[in-house]
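Engineer: A structural model of the following input is requested.
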Amino acid sequence: MFKFSSRNGEKDLTKGPIGKTLFYLSVPVILGMVLQTGYNIADTYFIGLLGSEELAAISVTFPVVFIFIAIAAGLSVGSTALVSQALGARKKKEANNMAEHSLLLSLIVGIIIAVCGILFSAPLFEFMGVSGHVLDMTIQYSNLIFIGFIFLFIGFISQGIIQAGGDTVTPAIYLFISVILNIILDPIMIFGFGQIPAMGLAGGAVATVLSRGVGASLNIIHLLTGKSAVDIDPKCFCLDFSIMKRIITVGIPSSVSNSINSIGMIALMSIVGGFGTAAIAAFGVGVRLESLAIMPVIGLSTAVTPFIGQNLGAGKLKRAKKSIMLASVAVIGFMGIFSLVWYFGPSILYSPFTQDPDVMSIGINYLQIIAAGYIFMGLSFIINAAFQGSGHTRLQLFVNSTRWIFVVAIAFMFVSAHRLNGVWIGFPIGNFAGFVVAFTLYKSGLWLKGFGKEKI
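Structural biologist: Residues are numbered from 1 along each chain as shown. Reported below is the predicted structural model:
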């Protein structure tokens, strides 16, 4: 059974049945991921009604925007790992300091990223092969999204801090409110309503930014009102650069690892863009659909991270290892089911977003080919969560680098002979290579370095 503190909803993850604990932690996160995907799905659906060019514009924006999302997610991993380890070791004051410095760091980095995104997005989109009217629409959409990155960074970090204490329900509730707001605002901002003029593509971006702002605000209010496992008190805050350095040291490898996903996607988009607007649109929709399949895995891995952190902090190494085994078994089941759905029903999945036969044809091939490597990708996610929870995020970086080196290399090698199918085949090969490296590093025990021996 979970233990609750007397003054907040903190859960002690170092006790109780492992499987049940991971289940209760991961279900709210999975639901949250479903809701998070709602941002992209809602934008894709409503903007898709405007036409193929608008759909291509947001499709090409996704990997660029995700580079900066990756940085936010990486910093969140750093704060979650360190806060959860401190809580597991019963070092409440240290956990509070980690949380306060994480929030300050999120604000600073969010502002910097917003400015950089607006200044340098155009050359990057041009490198990806976007031009003409589609380029203009892409820049218009992305610049508004970048402005909202301040909210996104604060939202990611504050959510991670709440989850570090074992509370995955509260962030999911706030995310639910945010996504519902986005779904309501999307058609209003895009097509207009009453006195609100139709803003087209830009309206989708405005809806997303406003919704993220609300979600981040709810997380911050929760932290400031003493309802989380940590106590945030701005009046008692004392800047300590050594704490910020620790957060960055753990978070940056994870940020770079996540950024590699986007860099790889950009490299692939530079190839796909040469096959025309239909190929770009099919790839973009496919990536969004694929995010649905990995949600259970992301939910489990997000739950595993604070679980690993608290148990390693408490010296319970065997309990940490067992959680990885149980999560891996669940992942095999999840990803096996999605692999079958992706292979046998791709046309049904694409039909809500487009009726263009060229887009449909390309998209069907994409989903059927990438389905072959899904189980290996899922297992890599879980093992990487162990690396994150222990703070050894450089191991995660090495795994993800290996995966994308194979994905991109295979794509460039096979595109001439097999065209787009040659690009897609890089995914299952890369996923398998990443799993082999992840499993090897896990068995080596490097991720347990610095945690000593099992405590009774």
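Engineer: quick one: low-confidence ranges for the stretch 51-200 of the chain?
Structural biologist: 63 (pLDDT under 70).
Engineer: so how far is residue 258 from residue 438?
Structural biologist: Using CB to CB, to the nearest Å, residue 438 is found at 15 Å from residue 258. C-betas here are computed from N, CA, C, even on glycine.
Engineer: Residue 252 too?
Structural biologist: 11 Å.
Engineer: These two: which is more packed in?
Structural biologist: residue 258 (22 against 19; other CB atoms under 10 Å).
Engineer: Quick one: residues contacting the more buried one.
Structural biologist: The contact partners of residue 258, by CB atoms under 8 Å, 6 or more residues apart in numbering, come to 66, 69-71, 73-74, 400.
Engineer: I'd like the residues you listed as CSV, with secondary structure appended.
Structural biologist: Converted to CSV, these look like this (DSSP: H, G, I helix; E, B strand; the rest coil):
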residue, secondary structure
66, helix
69, helix
70, helix
71, helix
73, helix
74, helix
400, helix
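Engineer: Mind putting those into a markdown table with distance to residue 54 and neighbour count?
Structural biologist: A markdown table is the format used below for the contacts of residue 258 (distance: CB to CB, whole Å; neighbours: other CB atoms under 10 Å):
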| residue | distance to residue 54 | neighbour count |
| --- | --- | --- |
| 66 | 19 | 19 |
| 69 | 21 | 20 |
| 70 | 25 | 20 |
| 71 | 27 | 25 |
| 73 | 27 | 22 |
| 74 | 31 | 26 |
| 400 | 31 | 25 |
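Engineer: Identify, from these, the entry nearest to residue 207.
Structural biologist: residue 69 (17.3 Å; CB to CB).
Engineer: need the contact list for that closest one.
Structural biologist: Contacts of residue 69 by CB under 8 Å, 6+ apart are 152, 156, 258.
Engineer: Turn the residues you listed into TSV, columns for distance to residue 135 and secondary structure.
Structural biologist: Converted to TSV, the contacts of residue 69 look like this (distance: CB to CB, whole Å; DSSP: H, G, I helix; E, B strand; the rest coil):
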residue	distance to residue 135	secondary structure
152	24	helix
156	29	helix
258	26	helix
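Engineer: Return the member of these nearest to residue 204.
Structural biologist: residue 152 (15.5 Å).
Engineer: pretty sure that closest one is touching residue 107, no?
Structural biologist: No: between residue 152 and residue 107 there is no contact under CB atoms under 8 Å: 11.6 Å.
Engineer: Give me the more crowded residue out of these two.
Structural biologist: residue 152 (26 against 13).
Engineer: Quick check: the more buried one vs residue 343, distance?
Structural biologist: From residue 152 to residue 343 the distance is 34 Å (CB to CB).
Engineer: same thing with residue 127?
Structural biologist: Counting by CB to CB, the gap from residue 127 to residue 343 is 33 Å.
Engineer: of the two, who's got more company?
Structural biologist: residue 343 (15 against 12).
Engineer: Nearest residue to the more buried one in space, please, no chain neighbours.
Structural biologist: In this structure, residue 343 finds its nearest non-sequential neighbour in residue 371, 4.7 Å apart by CB to CB, 6 or more residues apart in numbering.
Engineer: so what's the one you found up against?
Structural biologist: Applying CB under 8 Å, 6+ apart, the residues near residue 371 are 338-340, 342-343, 428.
Engineer: Pipe those into CSV and attach pLDDT per row.
Structural biologist: Below are the contacts of residue 371 laid out as CSV (pLDDT from 0 to 100):
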residue, pLDDT
338, 84
339, 86
340, 88
342, 77
343, 81
428, 91
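Engineer: For those, which two are the farthest from each other?
Structural biologist: 340 and 428 (14.7 Å).
Engineer: Looking at these two, which one has more neighbours?
Structural biologist: Remark: of residue 340 and residue 428, residue 428 carries more neighbours, 22 against 12, as counted by other CB under 10 Å.
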